[in-house]
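> no sequence on hand, only this structure:
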């Protein structure tokens, strides 16, 4: 059984290992691994982990921002999700969905009803579908060549 819970300092080394694995997968354009220090500095109400049998198998984190974007009311608060990652062996188990639900539920419990997420994942079509299932809508597209 998977438990979704807030990340603690004790979890940071396992998060760093997952971040390294993510970077090695090379599925996200120009995404470097986070080290223990960087991860430690990101801990708080919006850093959640998926744990199974005392092993961290996924995580998400984000921050509350103040909007200057035209899609949200000016100066309103919104959750910006920075990362969602699940170990490849557990991706078909719905854990990513549980993590997104938990971080957005936390924001909504504190009165933050808007959320924003971006991704530089190379499989962007699948990622768009993933977030659309959570009520996210396309705002804009940015491309390169």
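Alright, I've got the coordinates. It should be emphasised that the depicted structure is a prediction, and the values quoted were computed from it without experimental measurement.
> name the surrounding residues that touch stretch 95-115.
Applying CB atoms under 8 Å, 6 or more residues apart in numbering, the set of residues contacting stretch 95-115 from outside is 2, 4, 45-46, 48, 50, 57-62, 64, 67, 72, 76-81, 84, 86, 130-131, 133-134, 136. Where C-beta positions appear, they are placed from N, C-alpha and C, glycine not excepted.
> buried residues in the longest strand anywhere in the chain?
Ranked by residue count under DSSP state E, the longest strand found in the chain is strand 55-66. By 16 or more other CB atoms under 10 Å, the buried positions in strand 55-66 come out as 56, 57, 58, 59, 60, 61, 62, 65.
> list the residues that contact the second one.
Contacts for residue 57 (CB under 8 Å, 6+ apart) come out as 2, 18, 50, 51, 86, 87, 89, 90, 95.
> can you do 7 Å?
Neighbouring residues of residue 57 by CB atoms under 7 Å, 6 or more residues apart in numbering: 50, 86, 87, 90, 95.
> number of residues surrounding residue 83?
20 (other CB atoms under 10 Å).
> now swap in residue 29 and tell me
Neighbours of residue 29 (other CB under 10 Å): 11.
> got a list of what it touches?
By CB under 7 Å, 6+ apart, residue 29 lies in contact with 120, 122.
> now do it against residue 67, distance only.
26 Å (CB to CB, to the nearest Å).
> then residue 103?
18 Å.
> more neighbours, these two?
Counted by other CB under 10 Å, residue 103 and residue 67 do not tie: residue 103 has more neighbours, with 25 against 16.
> any idea which element the more buried one lies in?
Residue 103 is located in helix 95-109, with elements delineated by DSSP states H and E.
> quick one: work out the angle between the lowest-mean-pLDDT helix or strand in the chain and helix 95-109.
Across the helices and strands of the chain, the lowest-confidence element by mean pLDDT, DSSP states H and E is helix 124-132, at a mean of 91. On the basis of axes from the mean of the first three to the mean of the last three CA atoms, to 10 degrees, helix 124-132 is oriented at 40 degrees to helix 95-109.
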